[in-house]
Each structure stands twice: as structure tokens, then as C-alpha cells.
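Asker: sequence first, then the predicted structure, then my questions.
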Amino acid sequence: MKIERSKGVAPIDVMAPTELPQRLLTASEVASFMADRVIHVSGVLSSDWLERIGAVVDAQTDVGGLQSMKANAWHTDDGMHGIIMNCPLAHLAQQVLSKIAEGPETGTEPRDVGKPIRFFYDQMFVKHPNADRDGEATDQDERGHPGNTPWHHDITFWPVVGEQIVSIWIALDPTNLRNGGLEFVPGSSEFEDRYQAMGVGSKGRLPFGSDTLAPIPKINSATTGETGGSLSAISFNMQAGDILIFDAKILHGAPPNLSERARRGLALRYLGDDVVLDDAKYGEQTSMAPFDCYDESLSNGDKVTGPVYPQVLPEKIPSEVAVRIRAPIAPCASKMARWQERNRAAAMSASVPIKP
Ligand SMILES: O=C(O)CCC(=O)C(=O)O
């Protein structure tokens, strides 16, 4: 593995303090996040940051096919390392994670302005244009889907437990339901059930086997084209540079991109200090994404800390940052081997068939 440098992207001093956004969240935006667990925010990211992020995402993703997804680019790419260490949006994550930690009963202003915030991982999602002149899908993945993002809660993919986990999804292009704008089910963070996970990759859908997660219910939405179900979705019209902040437990998905232009998004995931590793939370036969396979020293029950999940606020920890400056973050062979073995077993013994 070697360190890559995105061409044409000016280097960033990853030890410097995380930059401030153009503005912080208002008290009413924080209150709205606490009520709905998803908010749409404009006017926080400068055009310089938008350009930088767009250049790094373009350099890392393919130009063809239905969609390109890539996670953990910061492990090897210096351009993404600069973004995740200095991105001003970490301050907004700190605002909502402080509020989650304090609880809604403490008013709308987060009081802990110095709360430690760690970076979990980056994930890019590019939906390539997939429509003929009449707006009909022209291409399908191997399972016959035109490039939608299946309904899921992020928490069912992740080998962690905790309340203080948020994603900030940055629209790099104007985004709406026609070109793959995200949809959310309000209130679903509080559902008792958690549903089977289905990921997206360059070849289409990726089923994650499970022995305990329930099949996904019918959701009236553009994501699936379903109607007549008991659950309904909301969506947002976003400009390039707008963001969505959402909770790890909220159900979300996205329709295919039936427009003539790419729909590019970058999700940055942030953690507070109650998050611990747990890859067996839904039973040993449930597949999880291998985000716990990069630090040999951490096991189930350990707090998610250390150089693989670097602290970005209130200040950086030089010894952590130095680890990634010295070398790329590499997967641990033994953890990856165990993960692959478990995935094979989960796929073979999944008792609830995954909806195609
Ligand atoms: O951009 C997409 O299509 C999916 C994004 C998503 O599911 C996420 O960021 O958790």
C-alpha cells in the first residue's frame, strides 16, 4: 500500500486546527435535528471547500457504470486525509453530538462546546447518469435495479454501538428526487426493529447476511417506487454545497439518477465518546462492514479511539495524526481473515431471505 496524492489539490496542514464553517447551526436547526434526526443545511461550506472535495471525489471514483462507492479513502489518499482532518463541518457534528449527549431536556443550545469528536470514516457515493431522453432508466445492475440506494439504517452496517454517531452528507451537485436525492423515514431512529442491510457497490447491490435483522418493510418512496405502505419518506432539494446531517439509526435510501448529470455525494461520519466496537450486536451470523479491521489493538467493547479514528475536535492529538502521516492505514490481516470467514458463514446461514 502506498500514499496517493490527488492531482491538482493543494496540500493541507493536517495538524492545523480544524477550520471554522461559514456559519454554525442555529438553535432551531439543532432542535430540528433532535426532533427528526435529519436536517438539511445551507450556507455552511465555502466554494473553496466544495471545489476541493469535488476534485478529490472525482479523482477517486469511476466515470462509468451505475454508481461508484468508495470508503476510507483517507487511509491512503492525502487529499482526503486533508479533508477529513480539517473540514469545517466537524464543528456542526460537534454541535449535534453535544446535544445528543446532553439530551433534549437541556434546551436547544449545546452547552459542551469542547466535546471531543472523532472521525469514523469517509464514503463517496456517485450515481452516474442513467436515463434515456424520456427519463427512463437505460441500465440495470445484476439484480435488475437501475441504481437506487436500498433503504437501510447505517447502524446495521457498522460494527459499533452508541448514541453519538452522525453523518454529514455533502451534495457536490444540485440534488433532488430525479437524480438520486436521499429520502428518509421520519421517526425511524426510534423504531424497535432494525432491518436487513443491503449496500451499494460498483456492480450494484451487495447483500449483508443476517440471522436477526428483520426484512425491510414497504416504504412509500421514489427509492423503491412502492405505494400503499404504512411508512412514508421525506426528501430535500439541495444545491451544491448544501449538507444533510443525520443520525446513524434513521432509515434512508435514494432513487436512481434519472438525469443527464452525475450526482456526487461525500458522507463524513463523526463519533462522540459513547461509541464502542461491537461486531456481534445482531448475532454472530450477521455481516457488518469491516470498519473495525484496521487497528489490531482494539476489540469488541473498546471505545472507538486511536489513530484509525482520529480526534478532530476540540484539538488534534499529534501522536495520532503522525501515524497516518507516516504511512497509509492498512487492514489487519488476521482481522480481515476472520471478517471474511464470518461473512461466508453469514451468507450461507441467513435465515431471513434478503429481499432482491
Ligand atoms: O448517497 C447515497 O446514495 C447513499 C448515502 C448513504 O446511504 C449514507 O451516506 O449513509
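Answerer: Good, I have the coordinates. Only a predicted model underlies this, so the values are computations on that prediction, with no experimental measurement involved. Numbering: from 1, shown residues only.

Asker: any idea of the mean pLDDT in stretch 5-19?
Answerer: Confidence over stretch 5-19, taken as the mean pLDDT, stands at 88.

Asker: same question for stretch 207-217.
Answerer: Looking at stretch 207-217 alone, the average pLDDT works out to 83.

Asker: next, count neighbours for Met1.
Answerer: In terms of burial, Met1 registers 10 neighbours under the definition other CB atoms under 10 Å. The C-beta positions use only the backbone N, C-alpha and C, and glycine is treated the same way.

Asker: can you list the weak-confidence ranges in the protein?
Answerer: Of all residues in the chain, those with pLDDT under 70 make up the ranges 107-112, 133, 143, 201-204, 349-356.

Asker: just how off-centre is the longest strand seen in the chain within its chain?
Answerer: The residue-count maximum for a strand in the chain (DSSP state E) belongs to strand 117-127. Its chain's C-alpha centre lies 5 Å from the corresponding centre of strand 117-127 when counted by CA atoms, centre = their mean, to the nearest Å.

Asker: using CSV, write out every CA atom in that strand.
Answerer: What follows is strand 117-127, C-alpha atoms only, in CSV (Å, rounded to 0.1, in the frame of the first residue of the first chain):
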residue,chain,number,x,y,z
ILE,A,117,-15.2,14.5,18.3
ARG,A,118,-13.6,11.7,16.4
PHE,A,119,-13.7,10.9,12.7
PHE,A,120,-15.1,7.5,11.8
TYR,A,121,-14.8,7.2,8.1
ASP,A,122,-15.4,8.9,4.7
GLN,A,123,-17.6,7.4,2.0
MET,A,124,-18.2,8.7,-1.5
PHE,A,125,-21.4,7.9,-3.5
VAL,A,126,-21.5,8.9,-7.1
LYS,A,127,-24.7,8.0,-9.1
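
Asker: elements contacting that strand?
Answerer: Identification of packing neighbours for strand 117-127 by 3 or more CB pairs under 8 Å, 6 or more residues apart in numbering; DSSP states H and E yields helix 47-60, strand 67-71, helix 78-86, helix 90-102, strand 263-271, strand 311-313.

Asker: make a markdown table from those and add distance to Ile170 to it.
Answerer: What follows is those, written out as a markdown table (distance: least, CB to CB, whole Å):
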| stretch | distance to Ile170 |
| --- | --- |
| helix 47-60 | 6 |
| strand 67-71 | 15 |
| helix 78-86 | 10 |
| helix 90-102 | 11 |
| strand 263-271 | 5 |
| strand 311-313 | 16 |
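
Asker: nearest to Ile243, of those?
Answerer: helix 90-102 (7.7 Å; CB to CB).

Asker: can you list the residues that contact the closest one?
Answerer: The set of residues external to helix 90-102 that reach it, using CB atoms under 8 Å, 6 or more residues apart in numbering, is 18, 20-21, 24-25, 30, 33-34, 41, 44, 106, 108, 110-113, 115, 117, 119, 163-164, 166, 168, 243, 245, 268, 270-274, 312-314.

Asker: those residues in helices, which ones?
Answerer: Using DSSP state H, the members of the contacts of helix 90-102 that fall within helices are Val30, Phe33, Met34.

Asker: wait, what's in contact with the residue of the stretch 201-350 of the chain found nearest the ligand?
Answerer: When CB to the nearest ligand atom is the measure, the stretch 201-350 of the chain has its nearest residue to the ligand at Ala267, with 3.5 Å between them. Taking CB under 8 Å, 6+ apart, we find Ala267 in contact with Asp122, Gln123, Met124, Phe125, Ser167, Ile168, Trp169, Ile170.

Asker: residues near the closest residue to the fourth one other than its chain neighbours, how many?
Answerer: Using CB to CB, 6 or more residues apart in numbering and skipping residues adjacent in sequence, the residue nearest Phe125 is Gly265, 4.7 Å away. Neighbours of Gly265 under the rule other CB under 10 Å: 24.

Asker: ok, Asp211 next?
Answerer: Counted with other CB under 10 Å, residues neighbouring Asp211 total 16.

Asker: before we move on, the earlier item: of the contacts of helix 90-102, grab the buried ones for ChimeraX.
Answerer: If you want just the buried ones from the contacts of helix 90-102 in ChimeraX, going by 16 or more other CB atoms under 10 Å, the selection is:
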select :18,21,24,25,30,33,34,41,44,110,112,115,117,119,164,166,168,243,245,268,270,271,272,273,312,313
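
Asker: what residues does this structure put near the ligand?
Answerer: For the chain, the residues in contact with the ligand (CB under 6 Å from any ligand atom) are Gln123, Phe125, Thr149, Asp154, Ser167, Trp169, Leu182, His252, Ala254, Gly265, Ala267.

Asker: returning to what we had before: select, out of the helices and strands packed on strand 117-127, the one closest to Lys303.
Answerer: Nearest of the helices and strands packed on strand 117-127 to Lys303, taken as CB to CB: strand 263-271 at 9.4 Å.

Asker: give me the angle between that closest one and strand 67-71.
Answerer: For strand 263-271 against strand 67-71, the angle by axes from the mean of the first three to the mean of the last three CA atoms, to 10 degrees is 20 degrees.
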